[in-house]
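Trainee: okay, predicted coordinates and the sequence, questions at the end:
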Amino acid sequence: MSKKSGFLRFIFSLIPGAGEMYMGFMKQGVTLMVLFWGTIFFGGCLNVPLIMFPLPVIWAYSFFHVHNLAGLSDEEFYAQEDSLLFDWNLFGQIEPKKGRKILAWVLIFIGVSVLWNFMKGMVFMVLDMLNVPTYFWDRVTRSVPQVVFAFLMIYLGVILIRGKKKALEQQLIEAQSKEGDDSYDA
């Protein structure tokens, strides 16, 4: 790890993750690259531009992170640990077996989305050959990935709310049992 050339550091800082990697922080750089380019990939594949709204924030974080690292004193710079910017395990909420299952479903969803886009084109070719009007079919097929994504986001939101509710209930039970234990001590 080193601060290296100021000009090249600036050029690499324009690409999310590349500046960190140029300075030797490979894990941080890869994390930012996967986050940035993965967001673009999912937004493009699913044809849901709303997914791409955090891109400016990711870019700005990466840009200023590189320049903040470069502004550290040598002692502070070399004390920096190269680690992932966030825990891929969603902050300890998901056990590895369940994480693999979620990843599998994400990959299946991506595969179905790509297959859907391919098959949609084939169906349009056949409908055109049969002189069938395609306006309604076009509107429906363009909307399916967005509708599926919307339902997925709603489902994930419900899961997160339920998980938080269960955690709060567990804390309440623990607090009540602790109060009960304290009353016996008196």
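Mentor: Ah, there it is. Numbering: from 1, shown residues only.
Trainee: packing partners of the helix or strand containing M122?
Mentor: Element membership for M122, per DSSP states H and E: helix 96-129. Here helix 96-129 touches helix 26-46, helix 135-185, going by 3 or more Cβ pairs under 8 Å, 6 or more residues apart in numbering; DSSP states H and E. In this view, the C-beta of every residue, glycine as well, is placed from N, C-alpha and C.
Trainee: now render the ones you listed as JSON lines, adding mean neighbour count.
Mentor: Shown next, in JSON lines, are the helices and strands packed on helix 96-129 (neighbours: other Cβ atoms under 10 Å):
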{"stretch": "helix 26-46", "mean neighbour count": "17"}
{"stretch": "helix 135-185", "mean neighbour count": "11"}
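Trainee: worst mean pLDDT among these?
Mentor: The weakest mean pLDDT among the helices and strands packed on helix 96-129 belongs to helix 135-185, with a mean of 75.
Trainee: now V30. Nearest residue, chain neighbours left out?
Mentor: Nearest residue to V30, sequence neighbours excluded (Cβ to Cβ, 6 or more residues apart in numbering): G17, at 6.5 Å.
Trainee: measure the spatially most central residue of the chain to S62 for me?
Mentor: The centre of the chain sits closest to L35, judged by Cα atoms, centre = their mean, with a distance of 5.8 Å. Per Cβ to Cβ, to the nearest Å, L35 is found 9 Å from S62.
Trainee: shared neighbours, those two?
Mentor: In terms of Cβ atoms under 8 Å, 6 or more residues apart in numbering, L35 and S62 are both contacted by the residues P16.
Trainee: and this protein, what are its domain boundaries?
Mentor: Listed domain ranges for the chain are 6-79, 96-185 (source: automatic domain parsing).
Trainee: could you dump these into JSON lines with distance to F86 added?
Mentor: Shown next, in JSON lines, are the domains of the chain (distance: least, Cβ to Cβ, whole Å):
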{"stretch": "domain 6-79", "distance to F86": "7"}
{"stretch": "domain 96-185", "distance to F86": "14"}
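Trainee: L85 is nearest to which of those domains?
Mentor: Among the domains of the chain, the nearest to L85 by Cβ to Cβ is domain 6-79 (4.5 Å).
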